[in-house]
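Peer 1: here is my input, please return the structure:
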Amino acid sequence: MTTRRPIVPDDLLRIRFVSDAQISPDGRRVAFVVTTVSAEKDTYLSNIWVVDTDTPGAEPRRFTTGPLRDSAPRWSPDGGRLAFVSERERGKPGQLYVMPADGGEPVRLTNLENAVDAVWGPVWSPDGSRLAFTSRVGGWHEPTREEERGWSKPPRVITILKHRMDGEGFTHDRRPHVFVVAAAGGEARQLTDGDFPDNFPAWSPDGTLIAFTSERHPTRDDDWSGDVFVVPVEGGEPRRLTNTEGPVRHPAFSPDGRAVAYAGFPFPKDDGRNARVYAVAPDGGAPRCLTEDLDRGVWDVTRLHCSADGEWVLFVARDRGNCSIFRVRLKGGERATLFAGGERTVTGFSVARRTGQVAFVASAPDAPAEVFVASADGTGERRLTDLNRAWKAEVEIARPERFSFRRDGLDIDGWILPPARVEPGTRYPALLWIHGGPHREFSNLWWMEGQVSAGAGYAVIYMNPRGSQGYGEAFCRSVIGDWGGGDYADLMAGLDEALRRAPYIDPERLGVDGISYGGYMTNWVVSHTDRFKAACSENGISNVATHAATSDIGSIWTINEQGGVPPWDDPARYVERSPITYVKAIRTPMLLIHAESDFRCPVEQSEHLFMALKRLGREVVLVRFPDESHGMAALGRPRHRLERHRIVLDWFAKHLGPRPAGR
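Peer 2: All right, here's what the predicted structure looks like:
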């Protein structure tokens, strides 16, 4: 028998990460993206692969060979071509390409100053003659003339609150707009303009209109609201279909063109709401909510799609730690039903135009994401890829044990991820991990952080306390105005329950870690209890009042989370709910990790806590990662991600005792 080894940080370089499964119109092939991590080049490399659906056991094959990142594959309506976004030179914006579906040379369609959006990708016109996409317009660009390259950058004149976005930089002078370009080549034509963001283009079945979302109302700087618009493909003034009641995303025309489905909710200044599925006529009118009876939110990182026969709208919803595909009748009047579920997370899907088959990408706690396909009614599901087969055979993958407990009238889910190898009679240190959000959740998906910790000999305890998504809107919103209250009590009760269930955990060797709101809660935990021997707060919040002014979304989100009252109207509330207020009570050794270019939770939050702890003579270390944004732990430069893993493991090894031999 082969002895499997524990997972280590460098395994990040071995895994093939699968995403964006796009099924061909006839359902016979699926194109998808495979991303690998290169420490040597300190970047991510991705190509498009293709796998057959009608040949059992067919091996996937690489379709593009771009040197850096090829992504966002999209089939032409006849299935004869594949469009995609490609970055061919490092530091240069990704552009739109198209190539024959059976292989050949890609043809470049765009040459824009800013990148073609690769997150949501291009969309083909129904006749296959054109593609629509979004790209930012404007902004300052590096000069091309040699004599200008050493000149000072121009000042930024800011007149709006929404002037920057984490991971994107300053956006006040560059807005995303809708473009159209001929599939045969030619100049891309800008279809929308103005000082507002336009996103998520979708073609009408007759090819005359493009639906998109935009924030074109007077109060857009002070709320989350948007609307669905349509604009003639040949140009003209956009026409609003919805009524500016709240955020909207992902419009999709029904195949007969009689309805536009979209996701959203009718609360302009609220957080923690369930995004629901709506439908509106393309000539306007009152939208109809199709998922009123489903107390679960549509996941905002996945598109919704109409079925090929026009009967259904398919979407991914968050449900008690799973992200599953649901479907609901487009005509309404029926409850949404599960289409593809299980203890896993679906991160995206597509529908074959002609056959209705559904291809999707899903991962589970014990397996990185792979591609699956199901028939139009959800039956006959099959896995099409197993790209990490060889790697999985080498490593010891930890499998979480789910548990539930009841507190304060709420049913709360938690998980214990045991060390990769548990020896009888041995007690192990444990890490309490706290998720961000607070309106996020721990899902049943591949979690590299947890696997690395388990491989290092730690049990990992994690849970979805009040505030988490997937447990109903009331549960999710119960944390608003109560940060550090019921959520903290839930976490401590869940920790006690986990220790009761797992006698192999040493209660005297506990650590706590969290990112973003999880970093806030880590700061709060150690300022209210001494039961942890060490803590790691990453990109966290220590002063809620200053966060409201310095975060890219603070003027809306932070104030909403504190009950909608700004700090100048109730400064005592912000003082009471800020961990920095209780800094004298912190005796736990603290590791503070922060990305220096974090606009979501700016680095001043950790600087504030670091200064106070140092002045108090407490053990604290601040680690700053240059040129990284809020999502550094999952999306940062590879070398930074690897170094972060090592720093965290060394910190907990120092304070929780040496790791078992061989780890």
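Peer 1: neighbours of S516, how many?
Peer 2: 24 (other C-beta atoms under 10 Å). C-beta here means a position set from N, CA and C on the backbone, and glycine is covered the same way.
Peer 1: for it, phi and psi?
Peer 2: When quoted as degrees, to the nearest 10, the phi and psi of S516 stand at phi 70, psi -120.
Peer 1: ok, it to A31 distance?
Peer 2: 33 Å (C-beta to C-beta, to the nearest Å).
Peer 1: over to R501?
Peer 2: Distance from R501 to A31, by C-beta to C-beta: 44 Å.
Peer 1: equivalent analysis for K331, please.
Peer 2: 32 Å.
Peer 1: where does this structure dip in pLDDT?
Peer 2: Scanning the chain for pLDDT under 70 picks out the ranges 1-2, 658-663.
Peer 1: tell me where it has helices.
Peer 2: For the chain, helices defined by DSSP state H occupy the ranges 389-394, 448-455, 473-477, 486-501, 517-526, 544-550, 557-561, 571-576, 604-615, 632-635, 638-656.
Peer 1: quick one: the second one to helix 638-656, angle?
Peer 2: Taking axes from the mean of the first three to the mean of the last three C-alpha atoms, to 10 degrees, helix 448-455 and helix 638-656 form an angle of 40 degrees between their directions.
Peer 1: just the C-alphas of helix 448-455, formatted as PDB.
Peer 2: What follows is helix 448-455, C-alpha atoms only, in PDB (Å, rounded to 0.1, in the frame of the first residue of the first chain):
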ATOM      1  CA  MET A 448      -7.300  24.800   0.900                       C
ATOM      2  CA  GLU A 449      -6.900  26.700   4.100                       C
ATOM      3  CA  GLY A 450      -8.600  24.000   6.100                       C
ATOM      4  CA  GLN A 451      -6.700  21.200   4.400                       C
ATOM      5  CA  VAL A 452      -3.300  22.800   4.900                       C
ATOM      6  CA  SER A 453      -4.100  23.300   8.600                       C
ATOM      7  CA  ALA A 454      -5.300  19.600   8.900                       C
ATOM      8  CA  GLY A 455      -2.200  18.500   7.200                       C
END
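Peer 1: buried sites along stretch 423-441?
Peer 2: For stretch 423-441, burial by neighbour count (16 or more other C-beta atoms under 10 Å) applies to 427-441.
Peer 1: Y471 against P465, yeah?
Peer 2: No. Under the criterion of C-beta atoms under 8 Å, Y471 makes no contact with P465, lying 9.9 Å away.
Peer 1: so these two - more neighbours on which side?
Peer 2: P465 (28 against 24).
Peer 1: give me the distance between the residue of the chain positioned farthest from its centre and G91.
Peer 2: Most distant from the centre of the chain: E147, at 41.3 Å, with distances by C-alpha atoms, centre = their mean. To G91, E147 is 21 Å away according to C-beta to C-beta.
Peer 1: with V648 instead?
Peer 2: Taking C-beta to C-beta, one finds V648 at 30 Å from G91.
Peer 1: ok, E292 next?
Peer 2: 48 Å.
Peer 1: more neighbours, the two?
Peer 2: E292 (15 against 7).
Peer 1: just list the residues touching the more buried one, thanks.
Peer 2: R276 (C-beta atoms under 8 Å, 6 or more residues apart in numbering).
Peer 1: so what does the closest residue to Y582 other than its chain neighbours look like in phi/psi?
Peer 2: Leaving aside its chain neighbours, Y582 sits nearest to S527 (3.8 Å; criterion: C-beta to C-beta, 6 or more residues apart in numbering). The phi/psi pair for S527 (degrees, to the nearest 10) reads phi -90, psi 0.
Peer 1: hmm, S527 is touching M590, no?
Peer 2: No. Look at S527 against M590 with C-beta under 8 Å: they stay out of range, at 10.1 Å.
Peer 1: distance of the nearest residue to T159 once chain neighbours are set aside from D221?
Peer 2: Nearest non-adjacent residue to T159, counting by C-beta to C-beta, 6+ apart: H172, 7.5 Å away. From H172 across to D221, the span is 11 Å (C-beta to C-beta).
Peer 1: also S478?
Peer 2: S478 is 29 Å from D221, by C-beta to C-beta.
Peer 1: contacts only, for V277.
Peer 2: A261, Y262, A263, C289, L290, T291, V298, L304, V313, F315, V328, A336.
Peer 1: partners of it in the sheet?
Peer 2: Judged by DSSP bridges, the bridge partners of V277 are A263.
Peer 1: the closest residue to W151 other than its chain neighbours: how many residues sit nearby?
Peer 2: Leaving aside its chain neighbours, W151 sits nearest to P143 (7.1 Å; criterion: C-beta to C-beta, 6+ apart). P143: 12 surrounding residues under other C-beta under 10 Å.
Peer 1: surely P143 touches S152?
Peer 2: No. Contact status for P143 versus S152: not in contact, 11.3 Å apart, counting by C-beta under 8 Å.
Peer 1: could you list the domains of this protein?
Peer 2: Residue ranges for the domains of the chain, per automatic domain parsing: 73-80+92-98+111-138+153-381, 397-543+578-656.
Peer 1: quick one, which of the ones you listed is nearest to L13?
Peer 2: Minimum separation from L13 across the domains of the chain (C-beta to C-beta) falls at domain 397-543+578-656, 7.5 Å.
Peer 1: from the chain's centre, how far out does that closest one sit?
Peer 2: 19 Å (C-alpha atoms, centre = their mean, to the nearest Å).
Peer 1: gap between the two ends of it?
Peer 2: End-to-end distance for domain 397-543+578-656, by C-alpha to C-alpha, to the nearest Å: 22 Å.
Peer 1: skip the chain neighbours and tell me the closest residue to E370.
Peer 2: Per C-beta to C-beta, 6+ apart, closest to E370 is T385, 4.7 Å.
Peer 1: pull out the buried positions in stretch 488-498.
Peer 2: Y488, D490, L491, M492, A493, G494, L495, E497, A498.
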